[in-house]
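>>> With the sequence up front, the predicted model follows.
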Amino acid sequence: MRVLVVDDEKNIRRTFSLAVESMDHQVSTAASGKEAIEQLKRANFDVAFLDLKLSQESGLDILEEIVRASPQTFVVIITAYASVETAVEAMRRRAFDYVPKPCTPEQIRHVLTSVERTRKLERQVADLESRLVASGPELDLVTESPAIRKVIDLALKAAQSEATVLLLGETGTGKSVLAREIHRRSRRPDGAFVTVSCPSLSQELLESELFGYVKGAFTGAYHDTIGRVATATGGTLFLDEIGELPLGVQARLLRLLQEREYERVGESIARRADVRIISATNRDLAKAVAEGTFRQDLYYRLNVISLQMPPLRERAADIERMAMLYLNFAASHTGKSVRTFAPAAVDALRSYSWPGNLRELRNVIERAVILSDHERIEIDDLSDIVHSPSEVRLGGEFTLEQIEAEHIRRLIASHKTLEEVSDVLRIDPATLYRKRKRL
């Protein structure tokens with residue numbers, strides 16, 4: 001952690017620094033409240049040890065300034081003038097703990113351990129809140145689809161870096177689930193995974209939600225709020241549907257990406273940001289740039305590593321396995337004894353085009369589990385749109401070109417190479433290439 005020691009006695013600062021550094025934490029020192037506030041404005045600190053009686057200043061007053069300047073910092077009061085009254089007053093002003101002088105290294109270690117434990121719990125709460133929004137089964141990295149296998153392999157390589165990742169694909173293809181998996185396998189797995197849904201709020205509310213605000217910044221701002229960027233410190237900030245981000249917020253996000261700095265709404269203090277950013281969109285951002293609705297410089301900053309999530313219709317070989325995953329999840333959460341699918345239901349699931357992708361598949365399976373009175377899902381348990389599809393099927397009123405295009409698309413989705421597909425079709429690869437290009 002980053003620790004700040006605020007004391008007007010040089011020997012105390014030196015002793016504290018040696019003790020804290022021996023515990024493998026980073027230490028900075030300040031001889032006055034003013035110096036401490038300046039440091040807190042320039043950098044993020046996890047803990048501040050603050051002397052109650054500085055030479056010309058009251059530690060309790062400095063405590064309030066620290067809480068305003070850096071509300072995420074845990075302040076620990078240190079003093080040789082310990083009393084019940086001062087302890088109560090310090091806690092009332094939002095001090096985290098209170099230790100008397102002279103304090104032993106073991107007491108310092110105990111306080112820092114408590115801070116670490118509390119910080120970890122806060123991040124777990126933020127992570128759980130994010131999980132509740134997108135509650136579902138864990139990401140299954142097993143796949144028969146070469147396209148999704150390639151995406152997963154690239155995602156796992158990107159996870160180990162600090163590079164900004166942009167996830168592209170249709171709605172419901174699993175972009176947010178993959179973003180969480182990248183976070184889990186990153187160098188920041190113990191940090192919070194914080195989600196911001198860009199289309200859900202107006203520009204003004206999105207700015208305050210993302211960057212935080214100070215008391216009095218606007219009507220209804222009754223207290224300071226640190227914002228999602230600060231909440232994600234040491235972890236990952238996931239910007240969902242970033243293609244809907246208002247232009248006014250895009251400029252502030254660009255600064256965050258370029259300089260790792262931001263300001264809360266209503267103040268001019270530049271704050272450091274220690275977050276990894278992953279974004280996702282179902283829009284064509286290059287087209288949005290050309291239309292002037294998305295900043296080109298921001299697009300380049302976000303598009304360091306881009307991953308295209310294939311739609312479910314191009315992952316035909318994965319549909320049955322994914323359906324079983326959702327079935328088991330839904331059955332365990334509803335108390336139903338449904339265990340499998342009837343062959344006709346599997347055929348229906350495979351033949352449907354799934355315009356809503358994995359999200360639609362999950363909804364269909366959950367509905368079927370809830371309505372089913374059997375130990376397996378029958379075709380009649382599926383929604384009408386699935387077992388009476390309107391897309392291309394044999395025997396329907398479709399042209400040969402439509403049927404050919406659908407057949408080739410499904411074969412490409414379920415085979416590793418075009419050579420394998422050409423073998424199945426009994427045509428040479430060059431002919432398949434021309435047909436694929438034409439269709």
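Structure received.
>>> Using the record's domain definitions, break the protein down for me.
2-116, 134-310, 313-387, 400-438 (automatic domain parsing).
>>> got the residue ranges for the strands in this protein?
2-6, 26-30, 47-51, 74-79, 97-100, 165-168, 193-197, 236-240, 261-262, 271-272, 276-281, 305-308, 340-341, 376-377 (DSSP state E).
>>> The nearest residue to residue 183 once chain neighbours are set aside: neighbouring residues, count only.
Spatial nearest neighbour of residue 183, excluding adjacent residues (Cβ to Cβ, 6 or more residues apart in numbering): residue 236 at 4.1 Å. For glycine as for every other residue, the C-beta is placed from the backbone atoms N, C-alpha and C. When neighbours are defined as other Cβ atoms under 10 Å, residue 236 has 25 of them.
>>> show me what contacts residue 236?
179, 182-183, 186, 188, 191-194, 275-278 (Cβ atoms under 8 Å, 6 or more residues apart in numbering).
>>> now do residue 350
Counting by Cβ under 8 Å, 6+ apart, residue 350 has contacts 316, 319-320.
>>> Of those residues, which is the most crowded?
residue 319 (22 neighbours).
>>> Isn't it up against residue 313?
No: Residue 319 is not in contact with residue 313 according to Cβ atoms under 8 Å; the separation is 9.0 Å.
>>> Between these two, which contacts overlap?
residue 354.
>>> remind me which residues of the stretch 51-200 of the chain are low pLDDT?
81-84, 126-140 (pLDDT under 70).
>>> before we move on, back to that, the residue nearest to residue 183 bridge partners, please.
residue 193, residue 276 (DSSP bridges).
>>> Tell me how far it lies from residue 178.
As judged by Cβ to Cβ, to the nearest Å, residue 236 and residue 178 stand 12 Å apart.
>>> try residue 56
55 Å.
>>> which of the two has more neighbours?
Per other Cβ under 10 Å, whichever of residue 56 and residue 178 has more neighbours is residue 178, with 24 against 8.
>>> roughly how far apart are that one and residue 220?
36 Å.
>>> Of all the strands of the chain, which one is nearest residue 61?
Closest to residue 61 of the strands of the chain, according to Cβ to Cβ: strand 47-51, at 10.6 Å.
>>> quick one: strands adjacent to that closest one?
strand 2-6 (parallel), strand 74-79 (parallel).
>>> okay, the angle between the shortest one and strand 26-30?
Using axes from the mean of the first three to the mean of the last three Cα atoms, to 10 degrees, the inter-axis angle of strand 2-6 relative to strand 26-30 is 20 degrees.
>>> cool, the last one as well?
Taking the same axes, to 10 degrees, strand 74-79 and strand 26-30 form an angle of 50 degrees between their directions.
>>> Touching strand 74-79 from outside, list them.
7, 46-53, 59, 63, 66-67, 86-87, 90, 94-101, 103, 111, 115, 118-119.
>>> Give the buried subset of these as a PyMOL selection command.
A single PyMOL command selects the buried members of the contacts of strand 74-79 (16 or more other Cβ atoms under 10 Å):
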select buried, resi 7+46+47+48+49+50+51+52+59+63+66+67+86+87+90+95+96+97+98+99+103+111+115+119
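>>> how near is the spatially most central residue of the chain to residue 192?
With distances taken as Cα atoms, centre = their mean, the residue of the chain nearest its centroid is residue 238 (3.5 Å). Counting by Cβ to Cβ, the gap from residue 238 to residue 192 is 10 Å.
>>> Would you check how far apart the residue nearest to the centre of the chain and residue 309 are?
Residue 238 is 14 Å from residue 309, by Cβ to Cβ.
>>> and if you look at residue 208?
31 Å.
>>> Can you report how many residues neighbour the residue nearest to residue 266 when sequence neighbours are not counted?
Leaving aside its chain neighbours, residue 266 sits nearest to residue 217 (2.6 Å; criterion: Cβ to Cβ, 6+ apart). Using other Cβ under 10 Å, residue 217 has 17 neighbouring residues.
>>> Same question for residue 369.
22.
>>> re earlier: contacting residues for the residue nearest to the centre of the chain?
Contacts of residue 238 (Cβ under 8 Å, 6+ apart): 130, 176, 179-180, 183, 193-196, 277-280.
>>> In ChimeraX, how would I select just the buried ones from the residues you listed?
Only the buried entries of the contacts of residue 238 go into this ChimeraX selection, using 16+ other Cβ under 10 Å:
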select :130,176,179,180,183,193,194,195,196,277,278,279,280
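>>> Would you convert the contacts of residue 238 into JSON lines that also reports distance to residue 2?
Putting the contacts of residue 238 into JSON lines (distance: Cβ to Cβ, whole Å) gives the following:
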{"residue": "130", "distance to residue 2": "25"}
{"residue": "176", "distance to residue 2": "30"}
{"residue": "179", "distance to residue 2": "27"}
{"residue": "180", "distance to residue 2": "26"}
{"residue": "183", "distance to residue 2": "21"}
{"residue": "193", "distance to residue 2": "21"}
{"residue": "194", "distance to residue 2": "20"}
{"residue": "195", "distance to residue 2": "25"}
{"residue": "196", "distance to residue 2": "25"}
{"residue": "277", "distance to residue 2": "21"}
{"residue": "278", "distance to residue 2": "24"}
{"residue": "279", "distance to residue 2": "27"}
{"residue": "280", "distance to residue 2": "30"}
